[in-house]
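In: Just to be clear, the model below is a prediction. Sequence and coordinates:
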Amino acid sequence: MLVFKSLKENPFFQNNFKKEEKILLFDKVNIAKSFFKKFTGLIFSRPLDLNEGLLIESCNSIHTFWMRFAIDAVFIDRNNVIVRIIENIRPFRLSPIIRGAEKVLELRSGAIKHKCIKKNDALIFSNQAEK
């Protein structure tokens, strides 16, 4: 799955754009849908590259128990707008429950700063390669 950041200043009130203006953030994002995959997340994986991530659906809190590396977490609402960002969550930690979040994008620690991701950014998810 590909993840883009919308470059519109306010994607909900500016409908006069003919072409969606966006920038590619991540091109290797896996989706955790099953209970087991949501619970284990990145526990058994190697540290992520800057272009990789794990999207956990129907989720508003995460843990890093038994992980071997720190991660960044992006909490996203039903409109794919970022409601909270937590950087550098070390192993054996638990995030707070984030009100309004419906999914979480787990990333390599430092990816949020590197990709200039901010609260209220609108994300665009795509299963198709961009031409």
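Out: Nice, thanks for sending it over. Because the structure is predicted, anything quoted here is derived from the model rather than measured. Numbers count the residues shown, from 1 in each chain.

In: Flag the shaky bits of this protein, pLDDT-wise.
Out: 8-20, 128-131 (pLDDT under 70).

In: Longest helix of it, counting residues only.
Out: Determined from DSSP state H, the single longest helix within the chain is helix 35-40.

In: Mind listing residues that contact the helix or strand following it?
Out: Once helix 35-40 ends, the next helix or strand along the chain (criterion: DSSP states H and E) is strand 52-57. When contacts are defined by C-beta atoms under 8 Å, 6 or more residues apart in numbering, strand 52-57 is touched by residues 1, 3, 26, 28-33, 38, 41-42, 48, 62, 102-108, 111, 125. All C-beta spots, glycine's among them, are computed from the backbone N, C-alpha and C.

In: at 6 Å instead, please
Out: Here strand 52-57 makes contact (C-beta atoms under 6 Å, 6 or more residues apart in numbering) with 26, 28-33, 38, 42, 103-107.

In: Give the buried residues for the longest strand along the chain.
Out: For the chain, the strand with the greatest residue count under DSSP state E is strand 82-89. Neighbour counts over strand 82-89 (16 or more other C-beta atoms under 10 Å) mark 82-87, 89 as buried.

In: In its sheet, which strands sit next to the very next helix or strand once past that strand, and in what direction?
Out: Next helix or strand after strand 82-89 toward the C-terminus (DSSP H and E): strand 103-108. Note on strand 103-108: by DSSP bridges, its sheet partners are strand 52-57 (antiparallel), strand 71-76 (antiparallel).

In: middle-most residue in this structure, spatially?
Out: The chain has L105 as the residue nearest its centroid, 2.3 Å off, counting by C-alpha atoms, centre = their mean.

In: Can you give me the separation between P47 and P91?
Out: Per C-beta to C-beta, to the nearest Å, P47 is found 11 Å from P91.

In: typed the wrong thing, it's K37
Out: Distance from K37 to P91, by C-beta to C-beta: 19 Å.

In: How many neighbouring residues does K5 have?
Out: 20 (other C-beta atoms under 10 Å).

In: For it, list each beta-bridge partner.
Out: I23, L123.
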